[in-house]
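Trainee: need a 3D model of the following:
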Amino acid sequence: ATAGSVSFVANRRNATARTVPSVVSFVANRRNATARTVPNVAVPNVAEKGFTLLELLAVLALLAVLAAVALPRAGDLSRWKLDGAARILAGNLRLARQEAIAGGYNKVVFYVYSNSYELCFSQKNSTIELPRGISFEGMTTFPGKPPSVHFNMLGRPSSGGTVILKTSGGEKIYIIMTPVTGRIRISRNPPEHWQEY
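Mentor: Predicted structure coming up:
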């Protein structure tokens, strides 16, 4: 019984010895097959840094397109300043009208030579300068020296009138106040029956 068990163990060792090298050779053959199927890929050197010529040309082309789009709009900045100054002036005239309706003292005085106007309220006075590059065009059509307007308790102005603001390039905008109602509007076109002063 012992001789049979020794031969069984010996046979088992031989079978294991035969299968282990075959598994090792299978794995080795598999690695070689994988290495043969993968194409040669250049591994970049980590020490090499920089941009290719193609990348630089792509960035320059993108910057050229952005500049072509943005530069024509740079001239619109003066128009934005003009629109902003007109909205602020119209808002301040409306504020003076509301102050009068609320029962306070109000007056708006235009200093056309210094490109500013003054808000005179019962609580405080404040002077507003027009933005750089924006100026009054001629005298306003409000009466007085300096021209001014005030509102009564019903919100009616002392007179109607038009204020013209312009850019250094000559573009104009009109702030128009109707005489009876005190309605204030902004227009790129002069009011009806307008005569240049």
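Trainee: go through stretch 89-101 and flag the buried ones.
Mentor: 89-90, 92-94, 96-97, 99-100 (16 or more other Cβ atoms under 10 Å). In this view, the C-beta of every residue, glycine as well, is placed from N, C-alpha and C.
Trainee: how about those residues, which pair is most distant?
Mentor: Greatest spacing in these, by Cβ to Cβ: Leu89 and Ala100 (17.1 Å).
Trainee: re the thing from before, closest to Glu129 among the buried residues of stretch 89-101?
Mentor: Looking across the buried residues of stretch 89-101 and measuring by Cβ to Cβ, the closest to Glu129 is Leu89, at 11.6 Å.
Trainee: that closest one contacts Tyr117, correct?
Mentor: Yes: under the criterion of Cβ atoms under 8 Å, Leu89 makes contact with Tyr117 at 7.1 Å.
Trainee: can you pull up the bridge partners for the residue lying closest to Arg183 once chain neighbours are set aside?
Mentor: Computed as Cβ to Cβ, 6 or more residues apart in numbering, the closest residue to Arg183 that is not its neighbour in sequence is Met177, at 7.1 Å. Applying DSSP bridges to Met177 gives these bridge partners: Gly161, Ile184.
Trainee: please list all residues in contact with Met177.
Mentor: Contact partners of Met177, counting by Cβ atoms under 8 Å, 6 or more residues apart in numbering, are 93, 149, 157, 160-162, 183-184.
Trainee: now pLDDT too, for those residues, in JSON lines please.
Mentor: Output for these, formatted as JSON lines (pLDDT from 0 to 100):
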{"residue": "Leu93", "pLDDT": "92"}
{"residue": "Val149", "pLDDT": "92"}
{"residue": "Pro157", "pLDDT": "91"}
{"residue": "Gly160", "pLDDT": "89"}
{"residue": "Gly161", "pLDDT": "90"}
{"residue": "Thr162", "pLDDT": "90"}
{"residue": "Arg183", "pLDDT": "90"}
{"residue": "Ile184", "pLDDT": "92"}
